[in-house]
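Trainee: give the three-dimensional model of this entry:
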Amino acid sequence: MPHPQGLTPEEKLAEAKRQLGLPRIVVICGSTRFMTEMAEADLRETGAGRIVVRPGCDLKSPHELWSDPAGAEALKARLDELHRAKIRLADEALVVGDHIGDSTRAEIAYARSLGKPVRFTHPEVDPGA
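Mentor: Numbers count the residues shown, from 1 in each chain. The predicted structure is shown next:
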């Protein structure tokens, strides 16, 4: 094994998670129109002993935090960056739903570019299949 200073940040994170004995971390990806399905996937993944991270905001549903269009656009950009951080943290991605839009397609491509395994609740929508 290389000396710790020679490790990439990703390798250091993986080693720290191993040393801490953390269970696998799964990031849930997909359109927020599938928030109910994401909650079900969260329940199943948690029940299987995995740590789950997923979108925490549904900008398609009304809320005062994103009622102003300009503020909503800035929030969307911050949430997209936050979700990319969740993907970097995770050991694998689970794509929920039977539709893949542009944002989800970008999340899948990002996870795969990092070498993360990607699973699908509906494998027929896998853009890489």
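Trainee: the most centrally placed residue in the chain and residue 64: what is the separation?
Mentor: In the chain, the centroid-proximal residue (C-alpha atoms, centre = their mean) is residue 27; its distance is 3.4 Å. As for residue 27, its distance to residue 64 is 27 Å (criterion: C-beta to C-beta, to the nearest Å). Any C-beta I mention is one placed from the backbone N, CA and C, and that applies to glycine too.
Trainee: wait, doesn't the residue nearest to the centre of the chain sit right on residue 85?
Mentor: No: counting by C-beta atoms under 8 Å, residue 85 is not a contact partner of residue 27; they are 9.6 Å apart.
Trainee: helices along this structure, start to end?
Mentor: Listed in chain order, the helices found in the chain under DSSP state H are 9-20, 35-47, 69-89, 102-113.
Trainee: what residue ranges in the protein score low on pLDDT?
Mentor: Low-confidence segments of the chain, defined by pLDDT under 70: 1-4.
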